Every structure is written in C-alpha cells, then in structure tokens.
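Enquirer: For reference, the sequence and a predicted model appear below.
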Amino acid sequence: MPVLPISRMGADILKHRADDVVDAAAPAVASLVNDMIETMIDAKGVGLAAPQVGVGQRVVIFFVPAERNGSVEVPLTVMINPVIEPLTGVQAEQFEACLSVPSLTGKVPRWTKIRYSFTDLSGQKVVREADDFHARVVQHECDHLDGVLYPQRMKDMRTLAFVDVLQAEAIAKGKAVKVDEEGAPIE
Ligand code: NI
C-alpha cells in the first residue's frame, strides 16, 4: 500500500468533475481506497478525495475526531458516488485547510446541516445526517469531486492567510492559535 503523491492547486485533475464509479465493490476501488487511507494518515489529514491522488473517480474518505464533533467520533468513512442535500438555508463561515492547498487557510461558508448519501465498499447505500464540522468536512471533500477547491467558495478573500503568519501574529498579541489536523485555525 503506497503513500501516493497529493496533487496541489493548479493541477488539471483538481479542476474537473470526477467520474461516477460504476462498481463500488470492484477490487480496484478497494485498492484505491487502501492507498488513499495510507496517504491521508501520512499527510495527517481528516479527509481525502480521489482526484487529490490523481484519480478522477467519485471516491472520498474522511473521519471526524471526537473533539471536533461534540465528543462523538465519526469513524473512517469511505464514500463512493456521494450526494449532498442541504437541510437548512443557513451557512456558517469557518477556517478550512486542504492538503492540496498547503500552508494556507481561509474562511469558507458551508451549510450547517446536511443529509448525505453514498455507496459503501460493499455496494450498500448509506444515508446519514450531519451538522457543523462533520457537515463541513463532507462538503469540503465532495467539492473535490466537482473540481472545486475551498478558495473558490470563499466570500471574503481577505481571510485567506498563511497559517504560520496567523500563528506568529497571535503569539505577538499574547494569544495562541489552535489549529486542527490540517492546519485550519479552530475558533
Ligand atoms: Ni481538500
């Protein structure tokens, strides 16, 4: 199971809609997912989409650490052909980071409550609801399948920043910036 190189912003693969997976239970999909898991762990991410490792297929993996979700962990989830439906008209802005946009962070509006459905590796359909950070991660990862990176969703580009600059400025003011696994400041 190799760690795969992660495509960065500007790469063609990150700009296009990924293809639907025809057979979610195919061995090639399981093999891709194994490589994606190893790559995500190596990169200390909480999510990864297949286009980020150069594969234009609608496959996403993610997990939500307990401390980011009211002490309720969302275990590692493999989503094939995921679909998102907003359950609210409300969006909230929070900092996000992305393994394909290293060192940077910015505030992104996302639906605060969603229903999402997907096919799992055994070919079964799964439907879940999510809010807050869980909903944010799912929306961020699924955007990768449509060729969208988080800066394209930002409303206020002045919040786009280098994480180390935010941290240095906070320290200079006697504060600390706590960042999540991928480097996004936690407010
Ligand atoms: Ni990302």
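Expert: Nice, thanks for sending it over. Quantities reported herein were computed from a predicted structural model and do not represent experimental measurements.
Enquirer: so where does the most centrally placed residue in the chain fall, helix or strand?
Expert: The residue lying closest to the centre of the chain (CA atoms, centre = their mean) is residue 141, at 3.5 Å. Per DSSP states H and E, residue 141 falls inside helix 132-144.
Enquirer: which is the next helix or strand following that helix?
Expert: Where DSSP H and E defines the elements, the next helix or strand beyond helix 132-144 is strand 161-162.
Enquirer: For residue 120, give its distance to residue 150.
Expert: Distance, residue 120 to residue 150, using CB to CB, to the nearest Å: 26 Å. Glycine gets a C-beta too; all of them are placed from N, C-alpha and C.
Enquirer: got the residue ranges for the strands in this protein?
Expert: For the chain, applying DSSP state E gives strands covering 47-49, 59-64, 74-86, 91-98, 101-111, 113-119, 125-131, 161-162.
Enquirer: Point out the most buried one among the ones you listed.
Expert: Mean neighbours per residue, mean count of other CB atoms under 10 Å, is largest over these for strand 47-49, with a mean of 27.
Enquirer: so for that one, what's the average pLDDT?
Expert: Average pLDDT, strand 47-49: 98.
Enquirer: chain center to it, what's the gap?
Expert: Strand 47-49 sits 5 Å away from the centroid of its parent chain (CA atoms, centre = their mean, to the nearest Å).
Enquirer: Make sure residue 184 is actually in contact with residue 103.
Expert: No - between residue 184 and residue 103 there is no contact under CB atoms under 8 Å: 11.6 Å.
Enquirer: Now do the shared contacts for these two.
Expert: residue 163 (CB atoms under 8 Å, 6 or more residues apart in numbering).
Enquirer: who's more crowded, residue 120 and residue 150?
Expert: residue 150 (26 against 14; other CB atoms under 10 Å).
Enquirer: angle of the lengthiest helix in the chain against strand 59-64?
Expert: Longest helix in the chain, counting residues (DSSP state H): helix 27-43. If you take axes from the mean of the first three to the mean of the last three CA atoms, to 10 degrees, helix 27-43 sits at 40 degrees to strand 59-64.
Enquirer: Would you mind extracting the C-alpha trace of helix 27-43 into PDB?
Expert: Extracted as PDB, the C-alpha positions of helix 27-43 are listed here (Å, rounded to 0.1, in the frame of the first residue of the first chain):
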ATOM      1  CA  PRO A  27     -11.300  -4.800  -6.200                       C
ATOM      2  CA  ALA A  28      -9.700  -1.800  -7.900                       C
ATOM      3  CA  VAL A  29     -11.800   0.600  -5.800                       C
ATOM      4  CA  ALA A  30     -10.800  -1.200  -2.600                       C
ATOM      5  CA  SER A  31      -7.200  -1.000  -3.600                       C
ATOM      6  CA  LEU A  32      -7.500   2.800  -4.400                       C
ATOM      7  CA  VAL A  33      -9.200   3.300  -1.000                       C
ATOM      8  CA  ASN A  34      -6.400   1.500   0.800                       C
ATOM      9  CA  ASP A  35      -3.800   3.700  -0.800                       C
ATOM     10  CA  MET A  36      -5.900   6.800   0.000                       C
ATOM     11  CA  ILE A  37      -6.200   5.800   3.600                       C
ATOM     12  CA  GLU A  38      -2.400   5.400   3.900                       C
ATOM     13  CA  THR A  39      -1.900   8.700   2.100                       C
ATOM     14  CA  MET A  40      -4.300  10.600   4.300                       C
ATOM     15  CA  ILE A  41      -2.800   9.200   7.500                       C
ATOM     16  CA  ASP A  42       0.700  10.000   6.300                       C
ATOM     17  CA  ALA A  43      -0.400  13.600   5.500                       C
END
